[in-house]
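Novice: model the structure of this input:
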Amino acid sequence: MFATQEWCGLSAMTLSAFVADPTNIFAPAGTPASSIFSLSMLVLGITSAIFLVVAGILTYVLIRYRSRGAGGRGEQEPPQIYGSNQIELSWTVIPILIVVMLFLATTRVIYTTEHAQRPTNALDVTVIGHQFWWEYHYPQLGVVTANELHVPVSDHAHPLPTYLTMSSADTDHSFWVPRLAGKMDVIPNKVNTMWIDPQAKGLYLGQCAQYCGVQHAKMLIRVYADTPEEFAAWIARQRQPAVDDPSVAEGRNVFMHNACISCHTIRGTVATGRFGPDLTHVGSRDTIASGSVPNNPANLRQFIDNPANLKPGALMPPMHLDSHDLDAVTAYLTTLK
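Specialist: Sure thing, here's the model as predicted:
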């Protein structure tokens, strides 16, 4: 009895974790993802029916004509049929009809997703893939950030989709957030577009789905669906220049007098580099290294010292700062909220 209760408890916990998984394709939270989910269920239903029919026939034949020893029914061969027009026609026409139906259903989902009417209040975000991080521009709002994409929640009564215009700065990448939409390739010298409309507030995780180098597996995607009020407040904070905190002036000076400013931007300062992520509000992000590790002083210090310790193959070089300067720069960056 106790074993049964324990098993039921574990099963319930497993099911709950499966449903709550932020990358679960069977829990769509946006219109494109819902369309893909419906199509997937149709394909799964048809292929399951085919499997059951074929497996059922094979099982029947194995049982009906199994060997039973000398003189048994298994010694008798079934009637041999040659050139049956009915059988040949059925195994030709039925698969063709199934393929045509699946083709039309898939075409309908692709067309309705890619040619959906765009509302006038839609949000535009420019997505640029880098090895191995994501850059986000909000051209309508004057905001630039990295790795953590914030978008407003959309509902059926007041649709507010976010349109992503995507390209790559180096090699092929692919933007995929399973609960929000399908996969879209991010390619150099080509612009691809897709849209998402998260229906509920929360964090939706994704992954670069195109092998792009040694750190492809840690080129993660984090999409925060905020309420309209929360999104407006986040935009207001992101528009502000970097906070000039006198208590971390030493760390600011170390940052500004090293190679950091050649790769990173901190608005309101002389740091205007474009090769690495914008750090104007890096202290407000939940993670660093494209979602690989939590953003806390210990991880930030380790990443500044030598990024390869946390993300082997990262293109950022080790800074080789002494312990004092490393602590000062870490303190400075943590204040950039």
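Novice: before we move on, which element is the closest residue to Ile221 other than its chain neighbours in?
Specialist: On the basis of CB to CB, 6 or more residues apart in numbering, the spatially nearest residue to Ile221 that is not a chain neighbour turns out to be Gly206, at 3.4 Å. From N, CA and C alone the C-beta is placed, and that goes for glycine too. Gly206 is part of strand 202-208, with elements assigned from DSSP states H and E.
Novice: list the contacts of that strand.
Specialist: Contact with strand 202-208 is made by 22-23, 29, 129, 132, 173-180, 198, 216, 219-225, 291, as judged by CB atoms under 8 Å, 6 or more residues apart in numbering.
Novice: hmm, try it at 6 Å
Specialist: Contacts with strand 202-208, where a contact means CB atoms under 6 Å, 6 or more residues apart in numbering, come from 22-23, 173-174, 176-177, 179-180, 216, 219, 221, 223-225.
Novice: how about stretch 118-132?
Specialist: The set of residues that contact stretch 118-132 without belonging to it, under CB under 6 Å, 6+ apart, is 135-140, 159, 161-166, 168-170, 173, 186, 213, 215, 219, 290, 315.
Novice: taking those, please make a PyMOL selection of just the buried ones.
Specialist: For the buried members of the contacts of stretch 118-132, the matching PyMOL selection, counting by 16 or more other CB atoms under 10 Å, is:
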select buried, resi 135+136+137+138+161+162+163+164+166+168+173+186+215+219+290+315
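Novice: how many neighbouring residues does Thr126 have?
Specialist: Burial of Thr126, expressed as a neighbour count using other CB atoms under 10 Å, amounts to 16.
Novice: can you give me the strands in the stretch 151-300 of the chain?
Specialist: Here the stretch 151-300 of the chain has its strands, by DSSP state E, counting those that start in this stretch, at 162-168, 173-176, 184-186, 192-196, 202-208, 220-226, 287-288, 293-294.
Novice: go ahead and name everything in contact with the fourth one.
Specialist: For strand 192-196, the external contacting residues (CB under 6 Å, 6+ apart) are 30, 161-166, 180-181, 184.
Novice: likewise the second one?
Specialist: Strand 173-176 is contacted from outside by 129, 166, 183-186, 206-210, 212, using CB under 6 Å, 6+ apart.
Novice: note down every partner strand of it and its orientation.
Specialist: In the sheet, strand 173-176 lines up against strand 184-186 (antiparallel), strand 202-208 (antiparallel) (DSSP bridges).
Novice: pretty sure Leu104 is in a helix, no?
Specialist: Yes - inclusion of Leu104 in a helix is indicated when DSSP: H, G, I helix; E, B strand; the rest coil is applied.
Novice: residues near it, how many?
Specialist: Neighbouring residues of Leu104 were enumerated by other CB under 10 Å; the total is 9.
Novice: what's the spacing between Glu250 and Asp325?
Specialist: Distance check for Glu250 against Asp325: by CB to CB, to the nearest Å, it reads 8 Å.
Novice: over to Ala259?
Specialist: Applying CB to CB to Ala259 and Asp325 gives a distance of 13 Å.
Novice: the two - which one has more neighbours?
Specialist: Neighbour count, other CB under 10 Å: between Ala259 and Asp325, Asp325 has more, with 19 against 10.
Novice: what's the nearest residue to the more buried one if we skip its chain neighbours?
Specialist: Leaving aside its chain neighbours, Asp325 sits nearest to Val254 (4.8 Å; criterion: CB to CB, 6+ apart).
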